[in-house]
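>>> could you look at this predicted model? Sequence included:
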Amino acid sequence: MANFAYLRVSTDEQDVNNQKHGLLEYCNQKGLSNIEFIIDSVSGKAPWRERKLGALISKMQAGDNLVFAEVSRMARSTLQVLEILSACAEKEVNVYVAKQQMILDGSMQAKITATVLGLAAAIEREFISQRTKEALAARKAKGFTLGRPDGSLNKIYALDKYKADIKKYLGMGLSLSAIAKLVEALIPTVNDYIKRCGLR
């Protein structure tokens with residue numbers, strides 16, 4: 001059994017130390033020792049599987065413990081938080097969230113919670129899909145032609161007029177594919193634009 005603590009932090013050294021101190025106190029209370037800290041300096045909007053968290057969970061074994069300082073340190077979107085908790089439950093990894101006093105530890109109550117979380121994640125995905133369809137329909141109704149216009153390849157700067165929209169869509173949890181349809185561009189072009197502007 002291994003014990004890990006995931007810290008998603010800013011570049012501020014004080015932020016790292018504060019989280020570490022708080023988590024060590026919490027782990028001592030719960031009888032968790034020999035904590036291995038995984039420190040990730042990345043936006044919470046970045047897909048969790050592409051962060052150090054994704055690599056960590058993939059290597060964890062049944063019975064291992066994963067500690068977070070608070071829910072907001074896991075991810076910024078509800079869907080990503082639900083997916084993280086569901087993935088941990090599926091691998092039988094025990095999850096502790098210090099601030100919210102949440103424990104998913106393989107008990108019957110935890111299994112019921114995991115089932116509910118999985119259902120909630122599925123519902124959230126359906127809502128996102130529906131919002132995407134509605135946004136596409138609204139653009140079509142306004143006379144916009146959906147899809148990539150001719151000659152738009154590599155025209156990253158042409159997306160500047162959609163910057164606010166792209167930021168909003170990311171906040172809604174829409175996929176790159178959905179956003180690309182909405183702004184009439186290729187997925188790689190949208191991805192490059194998001195990285196260039198630091199939108200996540």
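Looks like it arrived, so ask away.
>>> hmm, residue 69 and residue 96 touching each other?
No - between residue 96 and residue 69 there is no contact under Cβ atoms under 8 Å: 10.0 Å. No exception for glycine: its C-beta is placed from N, CA and C like everyone else's.
>>> looks to me like residue 190 is in a strand.
No - secondary structure of residue 190 (DSSP: H, G, I helix; E, B strand; the rest coil): helix, not part of a strand.
>>> for the nearest residue to it once chain neighbours are set aside, give me its contacts.
Nearest non-adjacent residue to residue 190, counting by Cβ to Cβ, 6 or more residues apart in numbering: residue 180, 4.7 Å away. By Cβ atoms under 8 Å, 6 or more residues apart in numbering, the contact list for residue 180 reads 148, 186, 187, 189, 190.
>>> now stretch 141-148: average pLDDT?
Stretch 141-148 shows a mean pLDDT of 67.
>>> which parts of the chain are helices?
13-30, 52-59, 78-90, 108-141, 163-171, 176-183, 187-197 (DSSP state H).
>>> if I average pLDDT within each of those, which one is lowest?
Looking at the helices of the chain, the weakest mean confidence is helix 108-141, a mean of 72.
>>> can you tell which of the helices of the chain is closest to residue 43?
Checking the helices of the chain against residue 43 by Cβ to Cβ gives helix 163-171 as the closest, at 9.9 Å.
>>> packing partners of the closest one?
With contacts taken as 3 or more Cβ pairs under 8 Å, 6 or more residues apart in numbering; DSSP states H and E, helix 163-171 sits against helix 176-183, helix 187-197.
>>> hey, which of the ones you listed is tucked in deepest?
helix 176-183 (a mean of 20; mean count of other Cβ atoms under 10 Å).
>>> about what we covered before: which one of the helices of the chain lies closest to residue 36?
Smallest distance to residue 36 across those (Cβ to Cβ): 9.2 Å, for helix 52-59.
>>> show me what contacts the residue nearest to residue 128 when sequence neighbours are not counted?
Closest residue to residue 128 apart from its sequence neighbours, by Cβ to Cβ, 6+ apart: residue 173 at 5.4 Å. Listed by Cβ under 8 Å, 6+ apart, the contact partners of residue 173 are 77, 78, 79, 80, 124, 128.
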